[in-house]
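>>> Sequence unavailable; structure follows:
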C-alpha cells in the first residue's frame, strides 16, 4: 500500500513538473515578466529584421513581411492586434507575442517555442543569405 501511495506521489510530482515545464510564459509572468503592448511590439519589430533559429524576417512598416527560412525566401503579411499578438501569414499562419523579462524581450509562439531573438535595425535579410 505504501508503494502505491509513493508511486502516486511520484507520478503526481512528475506530472506537475512536466506541466510546469510546458508553460514557460506563465512561469515568467509569475516571476514579474510583462507582456509588450501593441505599441511596444510595433516599435520592436516594425522596420526591423528579427533573427530566428533557421532564418529571419523583415517586418515592413506597412504590414508586409519578407522571410528567409532555411535558404528559401517568401513574402507575406503580419498584423499586430490590440493585445500585442503578432500573426504572420506566409505558407501558414503563425502567431506570437513578446514578454519583457529581466531586461530581455522574449518571443512566445503558438507552437510553444520561445526565446530571445536578435533584432537588427532595418532590412538585414541580405546578411542571412
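All right, it came through fine. All of these numbers come straight from a predicted model, not from anything done at the bench.
>>> which residues touch the one helix or strand residue 120 maps to?
Following DSSP states H and E, one finds residue 120 within strand 119-121. Applying CB atoms under 8 Å, 6 or more residues apart in numbering, the contact partners of strand 119-121 are 44, 45, 47, 48, 49, 50, 51, 105, 127. C-betas here are computed from N, CA, C, even on glycine.
>>> what about it, distance to the chain center?
The chain centroid and the centroid of strand 119-121 are separated by 16 Å under CA atoms, centre = their mean, to the nearest Å.
>>> mean confidence score for it?
The pLDDT scores in strand 119-121 average 96.
>>> How about stretch 98-114?
Averaging pLDDT along stretch 98-114 gives 85.
>>> Buried ones in it, by neighbour count?
Neighbour-count burial for stretch 98-114 flags 98, 99, 100, 101, 105, 106, 107, 108, 114 (criterion: 16 or more other CB atoms under 10 Å).
>>> Let me know the closest of those to residue 84.
Of all those, residue 84 sits closest to residue 98, with 6.8 Å by CB to CB.
>>> sorry, back to before: show me which pair in the contacts of strand 119-121 is furthest apart.
Distance extremes for the contacts of strand 119-121: the farthest pair is 105 and 127 at 20.3 Å, using CB to CB.
>>> show me where the protein has helices.
2-21, 24-30, 38-45 (DSSP state H).
>>> Grab the nearest non-local neighbour of residue 45.
residue 59 (4.3 Å; CB to CB, 6 or more residues apart in numbering).
>>> The one you found: what's it in contact with?
Contacts of residue 59 (CB under 8 Å, 6+ apart): 45, 46, 47, 48, 49, 50, 65, 78.
>>> mind running it again at 7 Å?
Contact analysis of residue 59 by CB atoms under 7 Å, 6 or more residues apart in numbering lists 45, 46, 47, 48, 50, 65, 78.
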